[in-house]
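Q: The following block contains a protein sequence and its predicted model.
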Amino acid sequence: MTPAEILDWSIYATFVMVMLSLAIAFIRLAKGPTLADRVVALDMMTILIIAVCGVVAVATGVFAMLDVALVLALVGFLATVALARYAERRDVRQNGDDA
Amino acid sequence: MTPAGLIPVIIAGSLFIWFAQMIPVIGGGDTLRYVWEWVPSLGVNVSIYIDGLSLTFALLITGIGALVMLYSARYLAGHVHQARFSLYLTSFMLAMIGLVISDNLLALFVFWELTTITSYLLIGFSHDTVKARRSALQALMMTGVGGLALLAGIILIGTTAGTFEMSEINAMDGVLKDSVMYLPIVLLVLAGAFTKSAQMPFHFWLPNAMAAPTPVSAYLHSATMVKAGVYLMARTHPSLAGTDFWLWTLTVFGAITMVFASVMALRQTDLKLALAYTTLMALGALTLLLGNESGYTITAAATFLVVHSLYKAALFLVVGILDAQTGTRDANSLFGLARALPITATAAAIAAFSMAGFPPFLGFIGKELKYAGAIAVASEPIFVAGAVLISSALMVTIAGIVSFRPFWSKSGTPIPNVKEAPWPMLVGPVVLAILGAFFGIFPETLATTLVNPTVAAIIGNAEDAKELQLWAGVNLPLFLSIATFVLGFTLYFYKQKLREILIGMTTRGPSFDNGWDKLMAGIASGSKALTRMIQTGVLYHYMVVTFGTALVVLAVTLWFRSTGIPAMGVPQVELWDWLVFVLVLLGAILTLVTNSRITAIAGLGVVGIGMAMIFILYSAPDVAITQLLVETLVVVLFAAAALKLPHLTPEPLRKRWLDALIAIGLGVVTTVILLKVTTGPIDRELTTFFETASWPEAFGQNIVNVILVDFRALDTFGEIAVVLIAAISIFALLKAKPEEEEQ
Amino acid sequence: MNLFLLNLLLAVVWAGFWGSFTLTQIAFGFVIGFLTLWVAQPLFGGPSGYYLRAYRIVRLILFFIYDLCVSSIRVAYDVLTPTDHSNPAILEMPLDVKSDIEILLVTNLISLTPGTLSLDVTPDRKTLIVHAMFADDPQEVIDSLKSGMERMVKEVFEA
Amino acid sequence: MTEIIISIFLLLGGFFALIAAIGILRLPDVLMRMHASTKAGVLGSSLILIAGAIFLQEMEITARVVAIIVFLMLTSPIGAHMIGRASVSDLKKTHDKPDNSA
Amino acid sequence: MSWYLTLPLVIPFVASIIAYLLRSSPLGAWVSIIGSGLGLIASIALMAVVLDAGVIAGQMGNWPAPFGITLVADLLSAVMVLITAITGFAVAIYALSDITERQAKLGYHALFQILLAGVTGAFLTGDLFNLYVWFEVMLIASFGLLILNGGKEQIDGGVKYVALNLISTILFLTGIGLLYGMTGTLNFADLALKVEEVENQGLLTVVAMMFMVAFGVKAAVFPLFFWLPAAYHTPSFAVSAVFAGLLTKVGVYALIRMFTMVFDHDIGFTHTVLLWVACFTMVIGVLGAAAQSDFRKILSFHIISQIGYMILGLALMTPLALVGAVFYLVHHIIVKANLFLIAGIAKRLTGGTEVYQIGGLYKSAPFLAILFLIPAFSLAGFPPLSGFWAKYIIVKATLDVEMWFVAFIALAVGLMTIYSMTKIWAEAFWKPHPDGIEPDLKTLPNKPAQIIPVAGLAILTIIIGLNPEPFVIFAERTTAQLLDPTAYITTVLGETP
Amino acid sequence: MEQLLSVLIGILVASAVYLMLARNLLRFLFGLILLSNAANLTIFVGGRLTPGAPPLVPDGMDAPIGDVANALPQALVLTAIVIGFGLFAFALILAFRAYQSLGTLNTDEMRVAEPKEN
Amino acid sequence: MNSVILIAGARLQAVLLLVFSAYMLLRGHNAPGGGFIGGLIAATGFVVYAIACGTADARKALRFDPGSIAGAGLGIALFAGLMAALWGDALFTGQWLFIGETEDDKGIPLSTVLIFDIGVYLVVLGAILSIAFSLEEAV
Ligand code: NA
Ligand code: NA
């Protein structure tokens, strides 16, 4: 194998691994069981998308994809925070009088 | 007398004089025509056409109008709404004049409808009572039905003849009669005429219209408006009459109406109602006569038209006086008032003689002519003459009931302290009654001035007009006249018994008036039921129908208009395409099946991530970034709002096969359409322009951004407006709470 | 911080020499400038905390990267082997650092390094709640955290 | 030669990403799972991004990659902390109660 | 030339921004009135230019069509813009009396002006996607206006309104995606040419039907009208007046535009569907109205019914029928907006809109009675008011193509319209108020603000009714342009299409 | 890929419609998001797909080299996403207020504007 | 949210996001980014801050009412479009000024298009914050 072929193969393999990870994370997302589990899974998926951007950048040489990754790195956690906060507040509320 | 009362009198009087000075010209056989263009592109003109027919009507309208208005000026003096009354009555009169002098059928229709509206307002004048409101609506709807039919008829006439000018159409020999549209035209025109002129079975609104003040009854619902239908039949006579269809339709409807109305008149104890039915009878008679083309019948029609207007208006006004002076119109409570009301009684007697057809009054001549006309009816003279005989005999009876009994009968005690009406109310009946007597003695005056020109207008030839004469010699009409009186007097003496029999019969049989109520109730409940079925108030139903419509429409169109399976080459699908596909699919399924809000939101997040990946893979970084940012914000908003929202209840065990069917159907349809669309080529002209112009002309390397802020900046501007308004609206939504919610 | 600004200025001047204000040139200029300043130390009044701090930052980064790798391998091992070696526990670690930025750094670094995960800081900012994967001896875990990450962060921010 | 280095970084990154994913699937509770996602997940993504930086070999790209990694390391633990707080309060009550099927 | 097209669009935007920034001050209402006044002037100027030139086009951003966005006004666009401005001006004045301080603070005037801008934009744009954008501007502004009172009724009506309109919006968007996928262009004029090159004409019909459904919801045709009666009776009267006058007409306009200019390849199918739709819309709408007893609900269902007439004009696709549709559009906007405004006055005087529970307006408020009778009888198609000519032309067009049954329906629906209008009249005006109230116009707060717009619109009805000739000629010219869009296309794309 | 995405869009539409018909406003909102995504994707696919070549003009060039992705649908989708966000946000808050005000998210029970008649 | 870690992180994050948003806005014409994306990112920054420190603090940090920012943004965007009138061009015709233009370098571009994009940025920022803040306050 030439180095270029190795690279092609690696890109492919990495992509498959990352996508597989996404699928596995999705299983956790679907299974739960707690809200926190789902949030962790979603957070994980966000990070994995950043990885996808990296792979695509290597595969295509288009570095515009890194801009996507940058944005995601900055704001991805906002969803996590919002959902986590929801989980926390929801517990407070559930102890309250209205469900 | 207030200005509100006097001004209409002056208007009507002036117009009468203006029309009267045309008598020599028109009587001489000329016609007048003035044309002003109104809506030339639709062929609508304001064209005035005055011939004998128009002039006769115009004189009746303005002459009787002036007298009735004088009468009402006193009758309604002091009424809070006298001004409105005068306004409506004057408007009506002007509309009615417009109707009879318009040559353009569409202009005629405009005035036709205006008389309907003013009549509606006048019947409902005593709007505080349910009865007045109901009667007004009934009249409006019944004449409205006819009006719409007439409109269709007029349109067909216009299309067939190429013009709406009736004088031109009448001059075109047989243009309507020979066309394939003849039958629909006649049907539609007669629908208009019969409803307006209250022919059986469209008659029932007219007695109810008596809810209007008596001057209105005298004027609109006896002398003028109801004769608009007659006018229409006379006006279109040259173009439409002369066929068996015309003959038989008019004869049968007219005869039935005539007999039915005169019998019903006998049944009434309310004098006004009795008169109303006699009006119906007269309208039937006029219709019957207009079915023919012979000189006798048309002369009879023209004469009877005038006769009836004179005596009937007089009698209505008399009843109004009785009502005003005694407080009742009940035939059973009015006796022997001749001493207290000498002038009224005299006028009533003269008018009644005319109505009953005694010589030497005009009514006699009218009746003789009717018989002559009836005998002249070519095919079934006996049937027609019989009908005329029965109804004329009943007129004798009714005349006795209305004018003899209240004044001269000694079978009961007169109501005390009754005073003669003031002079403005007396002028009308007196003048009208005297005119009836005058024309009876000098029939030639009437013949030359009005009747002959009218006949000429209707059958095109004044030579065919028959002479009006009190003594036409011993002939069949004379014998029939004598038979009429004998029968009439007999019936008068058995009136009470007859009335009881009639009441017994009519209460058992079906009543048109009750039918009306049932119809109205049916419309109300039917439309309610239908609306409740369609506009259920349940969003689910609305959405099922909306989505279902989209599905059916698209599927049917696909099936009938774009058959065939899209020609797909070997799809070029990479592994990551499948992975993205599966990811989005899983996200969608998760959202679909979960009962947990957050899981659903997470599922949507996965779909969003998958979408972003599609955009990343297929070279849309800007879109991918936007998608991710928006997705994040959606999650944030959802997470915040969900705190105050209830849990998702697990899907109830309700069978949702219909929803599933619609959903899957729409999915399949969308896929098929999209597959078909993408197999075709795409025109990249626009994109090529953007690619080549982006940097050299718009100084930007990011073509998407250049499109957004330069090539299609207006879109973007609208879009940020949407975002801003969304913010304003949401702010309002959150802050605008009514007091009850703010606690 | 004055030296830092001076260093930046040198980087810009460097880029100006080359006539190209690209990121590469500025970064290169910054390194050259740092070296120049370090060499020319005496000119600016003897040794300065600037260089020490730079050294400590680099040390912290290296230490952190090493730790991240180790911890990830540890996780990998844990995940891939069927047996469960862990003995998780929630621990309370007293905090010495005060400022926001220091607390943030400490908690983040602790989260990214082996076996520990910052869960919360008490509202009085004095205690850090840590989830430890292998807490056979809780005190040992806390001590190692304090002497490792926290100390290094503190040193970076010392004057 | 660069190709080989890039490949190594890529494959390592992919490996750690996979580890993180398996971790959040296999580890017994939510706190343990977070260990996997914060550490291995961040490392995996970072390695792949570094591969991208080496591949594209531009200062601008490298700077961006560094920025992404720093941001990731800044935000990821904060997210973990938030989830941790929530789950601790969750754990204090009932373990493994379905989140809101109540 | 392009600024004639731009100003009617820009002015309401400027007014909206200023009104929004001044939302806490009482000046907002006056900004709205002045803005609407200026907008009216601009619209009149546009109309004057278009009357002279036939079609004018402006390339936004100076990018030539079909690459940039073209604003274009043919006679149809110009008259719709003008009538929008007239209605907007009337309602802006009316708002002085109808809009509370709180509603103003929440941004009523800004929302209202943006609504006008959206409607105007929809009429002026020559670009399909841009039409979508203006639809959205209009839609979201209408959302805001609808719920501005925040009561239970508004929220409930709002839910249904929003849900169904969003479905339409997404259908529209999907349709754009598909049509773009087939033709590669978005400019109406360019589309008109490019659709002829599409190989799969059958598929084009399918996409056309997608647009028909999407616009059908907007136009509130059968069986897609549910959102309208669910919501139109809930907001402030000024709001429901402008909704009633304008919103559905944008849907009708879009149908006319697309189904004369772009989708005229399969008239036998598409326009037959429209014909059925028209008949059912007329009938169901009028029966729905017969079932109602609330002033505004009756009027709401009548909107549907009257939309049926307009669709009928489009479905027949003959010159005269289109003249009728255009005439109907203009007439109906004026009349329906007016009736809703009157409903507001009636409510203020009698305390309700449920006609069986109010009354007495005829006796003590005769001026209002006249003001009601004019638009009501115009709506019912009585001559010599504008509605008569509209109805006449449509019926004549139907009879001309010998569709007897359709003509019968059109006439029968006219009769039922009379029925509903007289129901309002008999109950709210003639009948004495059940609670003995004697409503008096003198007690009306801020009376001129309510009477002037109502009277103004009534006068318009009468003017059109008494002097329909110029309007008919105008509609004929408009129709000629619709049936032969050559002038439109060459003006937009330049001399060599 | 166009074919695969066409199928995917169909699936999204089907899921969305099913959710929107669920008589629950929250599920309606979920469906709405899915349906918006489907519509956006339709535009994107309608403009055809080009992998690995964003519509950017490289430095020093006047136009992109070779075939790049179709920029116009991207701009349209971007606009549609933002508009969709505005509409969705309104719908979400409306649902929120509907629950506050009417006490239910079940659309069958929302009968204030059009009350049941007996 | 009484989390010390989040508050500390959020401040930093908010600043980073704001700077980043300005960067995305300014380079948008030539690389992925632009007014929308910039505005969305900036809004995210303030939302993070609001979640951590509460909306009252976030409003204070923003200084202006978000609704008014959005309104002004729409005004600026419209103004940018209307400026074309000064040159007699149609609405939204871009007007460019290149500072320091040379033969092969266009220099620093100033344009109405950029002003337009700034308007877009402000509208997106203001509108999203208005929505997020008022929702936060309502819950
Ligand atoms: Na994390
Ligand atoms: Na065409």
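A: All right, it came through fine. Ligands and ions are numbered 1, 2, ... in the order given.

Q: check which helix or strand covers the residue nearest to the spatial centre of chain B.
A: By C-alpha atoms, centre = their mean, chain B has its centre lying nearest to B:Gly144, at 1.7 Å. Taking DSSP states H and E as the criterion, B:Gly144 maps to helix B:130-161.

Q: Check the offset of that helix from the chain's centre.
A: Here the centre of helix B:130-161 is set off from its chain's centre by 4 Å, with C-alpha atoms, centre = their mean, to the nearest Å.

Q: Skipping adjacent residues, who's closest to the residue of chain B positioned farthest from its centre in space?
A: Centroid-distance maximum for chain B: B:Leu575 at 71.1 Å, with C-alpha atoms, centre = their mean. The spatial neighbour of B:Leu575 that comes closest, neighbours along the chain excluded (C-beta to C-beta, 6 or more residues apart in numbering or on different chains), is A:Val16 at 7.0 Å. The C-beta positions use only the backbone N, C-alpha and C, and glycine is treated the same way.

Q: Same question for A:Ala4.
A: A:Ala4's closest residue in space is D:Glu3 (C-beta to C-beta, 6+ apart), at 6.0 Å.

Q: Next up, identify which helix or strand that neighbour is on.
A: Short version: D:Glu3 belongs to helix D:2-26, going by DSSP H and E.

Q: Check B:Val573 too.
A: Using DSSP H and E, no helix or strand contains B:Val573.

Q: need the contact list for it.
A: B:Val573 makes contact with F:Met1, F:Gln3, F:Leu4, according to C-beta atoms under 8 Å, 6 or more residues apart in numbering or on different chains.

Q: same thing but at 7 Å, please
A: F:Met1, F:Leu4 (C-beta atoms under 7 Å, 6 or more residues apart in numbering or on different chains).

Q: And D:Phe71, by the same measure?
A: A:Ala73, A:Leu74.

Q: before we move on, what about B:Gly13?
A: B:Ala66.

Q: 10 Å instead, please
A: Counting by C-beta atoms under 10 Å, 6 or more residues apart in numbering or on different chains, B:Gly13 makes contact with B:Thr62, B:Gly63, B:Gly65, B:Ala66, B:Leu67, B:Met69, B:Leu70.

Q: Surely the first one and B:Phe16 touch.
A: What that stands for is B:Thr62. Yes: look at B:Thr62 against B:Phe16 with C-beta atoms under 10 Å: they come within range, at 3.8 Å.

Q: neighbour count winner among those two?
A: A side-by-side neighbour count of B:Thr62 and B:Phe16, using other C-beta atoms under 10 Å in any protein chain shown, places B:Thr62 first with 25 against 20.

Q: Now do the same for the residue most central in space within chain D: helix, strand or coil?
A: Closest residue to the average C-alpha location of chain D: D:Gly41 at 2.2 Å, with C-alpha atoms, centre = their mean. Put simply, D:Gly41 is helix when judged by DSSP: H, G, I helix; E, B strand; the rest coil.

Q: For burial, what's the neighbour tally of the closest residue to it other than its chain neighbours?
A: Once flanking residues are discounted, D:Gly41 sits nearest to D:Ala20: 3.8 Å by C-beta to C-beta, 6+ apart. By other C-beta under 10 Å, 33 other residues sit near D:Ala20.

Q: And the pLDDT at D:Ala20?
A: For D:Ala20, the pLDDT comes out at 90.

Q: Just the pLDDT at C:Leu109, thanks.
A: 84.

Q: Look up how far chain B lies from it.
A: 26 Å (C-beta to the nearest C-beta, to the nearest Å).

Q: just to confirm, which helix or strand has that residue in it?
A: Counting by DSSP H and E, C:Leu109 is found in helix C:100-112.

Q: So is that helix next to ligand 1?
A: No: using C-beta under 5 Å from the ion, helix C:100-112 stays clear of ligand 1, with a minimum separation of 8.0 Å.

Q: from the chain's centre, how far out does that helix sit?
A: Using C-alpha atoms, centre = their mean, the offset of helix C:100-112 from its chain centre is 9 Å.

Q: what about the strands in the stretch 201-350 of chain E?
A: Using DSSP state E, counting those that start in this stretch, the stretch 201-350 of chain E contains no strands.

Q: Taking it, what residue is nearest to ligand 2?
A: E:Asp264 (4.6 Å; C-beta to the ion).

Q: Tell me who's in contact with that residue.
A: For E:Asp264, the contacting residues are E:Ala192, E:Val195, E:Glu196, E:Ala208, E:Met258, E:Thr270, E:His271, E:Met317, E:Leu482, E:Leu483, E:Pro485, by C-beta under 10 Å, 6+ apart.

Q: got the phi/psi numbers for it?
A: Per-residue torsions, E:Asp264: phi -110, psi 30 (degrees, to the nearest 10).

Q: go on, B:Val418?
A: phi -90, psi 130.

Q: ok, now B:Ser47?
A: According to degrees, to the nearest 10, B:Ser47 has phi -120, psi 130.

Q: Near it, how many other residues are there?
A: So B:Ser47, with other C-beta under 10 Å, has 22 neighbours.

Q: Which pLDDT does the model give E:Ser16?
A: pLDDT, read off for E:Ser16, is 95.

Q: Determine if any part of the one helix or strand it maps to is in contact with chain F.
A: Using DSSP H and E, E:Ser16 sits in helix E:2-21. No: using C-beta under 10 Å from any C-beta of the partner chain, helix E:2-21 stays clear of chain F, coming no nearer than 15.8 Å.

Q: Quick one: list the elements packing against that helix.
A: helix B:713-735, helix E:27-53, strand E:56-59, strand E:70-73, helix E:75-98, helix E:108-124, helix E:128-146, helix G:66-82 (3 or more C-beta pairs under 10 Å, 6 or more residues apart in numbering or on different chains; DSSP states H and E).

Q: now the helix or strand where G:Gly119 lies against helix B:713-735, angle please.
A: Under the criterion of DSSP H and E, G:Gly119 resides in helix G:112-138. With axes from the mean of the first three to the mean of the last three C-alpha atoms, to 10 degrees defining the directions, helix G:112-138 sits at 20 degrees from helix B:713-735.

Q: Could you pull up the contacting residues of B:Ala698?
A: Contacts of B:Ala698 by C-beta under 10 Å, 6+ apart are B:690, B:705-707, B:709-711, E:61, E:63, G:29, G:94, G:96, G:111, G:113.

Q: pLDDT at it, what is it?
A: Here, the pLDDT recorded for B:Ala698 equals 89.

Q: coming back round to it: can you tell me which of the helices and strands packed on helix E:2-21 is nearest to B:Val80?
A: The closest of the helices and strands packed on helix E:2-21 to B:Val80 is helix E:75-98. By C-beta to C-beta, the value is 28.6 Å.
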